[in-house]
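*Asks:* build me a model:
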Amino acid sequence: MSASAGDREPGIPSDTAKEEIGGPTCTGENSKHDSAICSGTSEIKSRAVVKYSAAPPPTSYALLQEKTDLKLPPANWLRENPQLGSAGTTILGSSSKSKPFSSFGMAYDFIDCIGDDVDVVSDSENIKKLLKIPYSKSHVSMAVHRVGRTLLLDELDIQELFMRSSQTGDWTWLKEFYQRLIDQKWQRKKKSKEHWYQKAILSKFLYYSINGEGAAEPVSDNLNEGEEENGAEEFSSSWPTTFTSAQSDAEESDASKQESVSMDSMFALGQVTSVPKEQNLPTLFNEGESSQGLRNDFVRNIMWTFEDIHMLVGSNMPIFGGGRYPAVSLRLRDNNKPINILTGIDYWLDNLMCNVPELVMCFHVNGIVQKYEMIKTEDIPHLENSTFSTRVVKDIAQNILSFLKSNCTKEGHTYWLFKASGSDIVKLYDLTTLCEEAEEEKCQNPFTLPVAVLLYKVASNLMLKARQNRKHYGTIRTLLLNCVKLLDQERHPQIIASAHYMLSELFQLDEPPEEDGGESLRAGGSEDSYSDEDREEEEEEEDLTEDSDDNGSYGNCSSPQDDSKAVAVIRSVGELSVPEKYKSTYQIRPSCAFPVSHDKEERCRHVLSYVLKGLKAVDGSIKKESDLPAADPNTPIPLKYEDRSANGACAAEKGISLLLERAGPLQADQKHPTRSGMIPGSWQHRMKLQLFLKASKAYYVLSDAATNLLKYGRALRYIKLSLQCYDAYCSVSGTLHPQVLQFHSQCLSLCGDIQLMLAQNANNRAAYLEEYSYQTKEDQEILHSLHRESSCQAFNMATDLAMDPEYQLFVSSKCYEAAYELLVSEALKDHTSDQLAQVLKRLGNIRNEMGVFYMNQAAAMQTEKEVKKSVSVAEQEMWKKSFAFFEKGMKDFESIGDSTNTALLLCNTGRLMRICAQAHCAISADQSRGEFSPEEALYYNKAIDYYLRAMKSLASRESHPAVWDSVNWELSTTYFTLATLLQDYAPLSRKAQEQIEREVTEAMMKSLKYCDLQTESARQPLYQYRAATIHHRLASMYHSCFRNQVGDEHLRKQHRSLAELHYSKAVCLFLSLKDAPCELLRTLLERVAFAEFTMAGQSSSAAKLKSLTGAIDIMTETRHAFQLIHKELLEEQTELSESDAAESAESPDVASGPMSGFNLEEVMKLIGVFEPSFSFLLLQLIKLMTTMKRKPSNKDEELLKTYKNVYSKLLRAEKNAPLLSRVKLYIELLQQLTPETESDDTGAHKS
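*Replies:* Okay, the predicted model is just below:
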């Protein structure tokens, strides 16, 4: 099929910069135009939205007079004109053929659309060529790339490729493959003179049409070089060279850059392109790729929706105003040649894509203008000789898209869609796979870099969206992994490092969202963005008229046996016209779900593996290898530990200065290369900063996770690595961002936590040391990379595994102090955060821990003293240290309003005062306890003051029940201890008996006041026991006063009633306890003795009888005590009979419970008192009842009989019988004396 060379509209790439203006038929910046073109009964839906236009608003075309000779050049010919766009700056419009990377230029500019919204990105010429496949015999050769669901189509000029191959030796494998399977004798055919003649008159016609007068701007210098009427130099290397950059390209690019300023200002309408400005991507073309023609050189970019296919199309068609419509396209036709179907489809598709409603056709004969004719776009399919079905064109489009989508499945691969001239068979090859089979370097595919860059840019763009939506993570990961797979680390370290950094960013490390805001922390952050200066274009390009067989250079012999190499084949182009012949079956990214691991450690390991790959890429690109410190990445760097004594702690103060040295937020900007030879400000420098920080964060999270698992050795190793990464970061960073400093304070704080935990868990030290010493190969390699920049020694003091708990506590406190200093420094004082409160809380806590540590040491010194001497200087030192830490801790907690912890520290200070009091106890000459000293009283009263302050700090039990109960208990205990010591070791040498009794009573009653008997808690039995003991002690004291008091009868009565009252309360409480039989027995026996003493002072028989009966009633209550003792003895016997386990049975601590085990000796002593007392009471009663003058009643006789019976049994009892049988006998005897009304279990008593 042959058609006139003038049939085609020259789509000429522009050399000028893009002037950003609205679309040709737009009234606003981004207006949308919808059109529905009807063909017969069926309707084709077509909608075009101009995304970007570099042309001024359309102006009317000049209507040429009849007989105008187009062979004569107009005055303005070949001079730059914005109305023609790129058509005005290229020799004879010879650059109609697409550039090999034109789709990439568009994809870079509209990165938002790529991967998801758009099906195809291509030059409009390529789209037209594909849709005409069933109608045309011409060859088709296109490169296809897939990114997500988007396909990028570019012309793949095999001839040019092979010409280049002859010169450079690249692509020889493809040349051999092509010659072997497709065309043995490929030749480049020269274009005919007719072709160039038609091009010339078309160019002149367009210049006449824009300006009949011929006024024009001066021709720019770079166009004068090539004004050749015929194609003197037919081959121009429009293919980018992979390794070298032509000097002329750079010069041309500079020229166009200079001109761009004026053009931009002429037609600027603000930012119309969709490239997000915040997308700071690395400048990738600074490593020798500057000759890649990756600019978007189309006059306009259009989002064209054809039926259900969304295409981003580049078009250079000049559009004019005038006529009935605001826009028309202008065409030149030879009157002697009819319009064929290919030309018709061409014109129709051009108008649809650019949303032009009308076509103006100028007819000429031998260059002489004949007439004009106007045709509506919807009428083009019905023109004579070029009738075609729009529905069929729609089916062709859908089938080709489905065919490509089903078979171009691998992201990053270059596919080749090929149809030989004159053939009906369309084949699809995977050039990437063929290239791998040919064992040639992957960089020899010139598409590799642009594809990798596009994958990277789409991933970067998605990364910005991924901040809001994590569903993109799987897609981003796939894009980046494919990007990295394509590239050679030696040639493109920057893209590889950036991609690995972004991969590491995908794994969430539980960072607070604020941390992502900083410039130095953002995904792909603080890198140079793409700039037009980095993309240079190729000026001269070939023209291939696809409608003409005459100019076709591809052989038409096609052998079917080559199908084995093809990925897919369309057996006949006719199949493309069959509706839905090809259906897209391939699911885009079937497995791009992001592998989210719930295991933190696994996520961090992923991050670190990507960081390591990124660091390797950066390190590999720094040339100063010889100057580096020699280190073998396979040799572990030893993590030494030191066993420091407490004395060494002071010397370690020097190490602390290093903790804060790194905290200087604003150091002087670095101007000299770093230790490894990096230049500050270079991409390597910026990338290393981000990778070091990312590694530091990953190790921080690992350390935090290990801490939660109680693996403190591992946690210390990880925080050491985190701080080493941070140290390296500081070594290469000129300034430290506030958010980086905040993160650093978190690291120091965690390091403090770990050292504190190690100090508290000294028993597992061997296990911790083993965990600390272990190292993975990955950690070693990351350390090796860190050591290229820094010695990483700054934080050794904080992260060494010491063997001394005191030193560990000291280090922990210093870590917290350093974290605090950071947070209150100039750089961070305006950044209000919860962190400061947390660090202050930790500071308060560590100071409490250290206070407790020194307090315990002081207590230990006391117990270790063989002979009680005066207080030693060492003890006093410990008290001072402990007190100082408690004071500091209280200030920390008070500064954050933490009343609960303040109360706890006050409580601990109270305990310290009690230890001081115990140390001051007086010792008499015979080593026995002396009188209660005034120093003891002073310290106990100080302790009471601190406990009362603690109560005041808490205000009420509701604020924190557990702490309130603890303080309450300690306060009660202190009062009780004070009273007990006053009572037992009364300072009679200094005070009167009455005064001491008053003080004892006062202290006992205060202790009783804080005995919480109502609240159900674990301490309730302890409180009950203490209250019972207090009542018992007070009763004993009043009992003693009553016995010793002479004279004041009123006072004696008072003492007697008080003794009665306290005895009855004590009995009550001991009875309710069920586990204090000895105490209950002793109290009851004392009470009986009190009754006996009262009776001794009575004279009348009736009064004596009453007192004796009361005493017997009290004695019968001892039954409850004996029952408890009996039960204990039985249990002990059972245990002994079953096994010898009695030896291993541990008694509870004396202080832990009221019973303090079963005291056999105490029981024997009490029985020794009980027996004679019981016997005496019975004897006295029998005597008194027998000698009564009045006649006894029946009841009295019964009682007397019972008393006699019990007394006789008691006298006959075997004195040497086993304790168990004796106790059993007492229970039986007492049971007989119990009144009938009283139940066995009630434990009722008379008071």
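*Asks:* verify the stated contact: residue 882 with residue 911.
*Replies:* No. Look at residue 882 against residue 911 with CB atoms under 8 Å: they stay out of range, at 9.8 Å. In short, each C-beta sits where N, CA and C put it, glycine included.
*Asks:* give me the common contacts of the two.
*Replies:* residue 855 (CB atoms under 8 Å, 6 or more residues apart in numbering).
*Asks:* the more surrounded of those two?
*Replies:* Neighbour count, other CB atoms under 10 Å: between residue 882 and residue 911, residue 882 has more, with 25 against 22.
*Asks:* secondary structure class for the more buried one?
*Replies:* Following DSSP: H, G, I helix; E, B strand; the rest coil, we place residue 882 in the helix state.
*Asks:* quick one: contacts for it?
*Replies:* 850-855, 858, 912.
*Asks:* ok, 10 Å please
*Replies:* Each residue near residue 882 by CB atoms under 10 Å, 6 or more residues apart in numbering is listed here: 850-858, 908-909, 911-912, 915-916.
*Asks:* which SSE is immediately downstream of the strand or helix carrying residue 807?
*Replies:* According to DSSP states H and E, residue 807 maps onto helix 805-823. Sequence order places helix 834-864 as the next helix or strand after helix 805-823, per DSSP H and E.
*Asks:* can you state the direction angle for that next one and helix 805-823?
*Replies:* Interaxial angle, helix 834-864 versus helix 805-823 (axes from the mean of the first three to the mean of the last three CA atoms, to 10 degrees): 160 degrees.
*Asks:* may I see the buried residues of helix 834-864?
*Replies:* 835-836, 838-855, 857-859, 861-862 (16 or more other CB atoms under 10 Å).
*Asks:* which pLDDT value goes with residue 57?
*Replies:* pLDDT for residue 57: 80.
*Asks:* now residue 190, what's its secondary structure?
*Replies:* coil.
*Asks:* count the residues that sit near it.
*Replies:* Residue 190, neighbours per other CB under 10 Å, totals 11.
*Asks:* so it versus residue 420, what's the distance?
*Replies:* Going from residue 190 to residue 420 by CB to CB, to the nearest Å gives 20 Å.
*Asks:* next one: residue 952 from residue 890, what distance?
*Replies:* 13 Å.
*Asks:* same thing with residue 111?
*Replies:* 58 Å.
*Asks:* max-length strand in this protein?
*Replies:* strand 42-53 (DSSP state E).
*Asks:* could you pull up the mean pLDDT of the helix or strand following that one?
*Replies:* Scanning forward in sequence from strand 42-53 by DSSP H and E, the next helix or strand is helix 102-109. Mean pLDDT, computed over helix 102-109, is 85.
*Asks:* show me which residues of whatever helix or strand residue 1081 lives in are buried.
*Replies:* If you go by DSSP H and E, residue 1081 is part of helix 1077-1096. Using 16+ other CB under 10 Å as the burial criterion, the residues of helix 1077-1096 that qualify are 1077-1092, 1094-1095.
*Asks:* stretch 429-437 too?
*Replies:* 429-432, 434-435.
*Asks:* could you dump the helix holding residue 807 to PDB, C-alpha only?
*Replies:* Provided in PDB are the C-alpha atoms of helix 805-823 (Å, rounded to 0.1, in the frame of the first residue of the first chain):
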ATOM      1  CA  PRO A 805      25.900  -3.600  90.100                       C
ATOM      2  CA  GLU A 806      26.900  -0.300  91.700                       C
ATOM      3  CA  TYR A 807      28.700   0.700  88.500                       C
ATOM      4  CA  GLN A 808      25.800  -0.400  86.400                       C
ATOM      5  CA  LEU A 809      23.500   1.800  88.400                       C
ATOM      6  CA  PHE A 810      25.900   4.700  88.100                       C
ATOM      7  CA  VAL A 811      26.100   4.200  84.300                       C
ATOM      8  CA  SER A 812      22.300   4.000  84.100                       C
ATOM      9  CA  SER A 813      21.900   7.300  86.000                       C
ATOM     10  CA  LYS A 814      24.400   9.000  83.800                       C
ATOM     11  CA  CYS A 815      22.500   7.800  80.600                       C
ATOM     12  CA  TYR A 816      19.300   9.300  82.000                       C
ATOM     13  CA  GLU A 817      21.100  12.500  83.000                       C
ATOM     14  CA  ALA A 818      22.600  12.800  79.400                       C
ATOM     15  CA  ALA A 819      19.100  12.200  77.900                       C
ATOM     16  CA  TYR A 820      17.700  14.900  80.200                       C
ATOM     17  CA  GLU A 821      20.400  17.300  79.400                       C
ATOM     18  CA  LEU A 822      19.700  16.800  75.700                       C
ATOM     19  CA  LEU A 823      15.900  17.400  76.100                       C
END
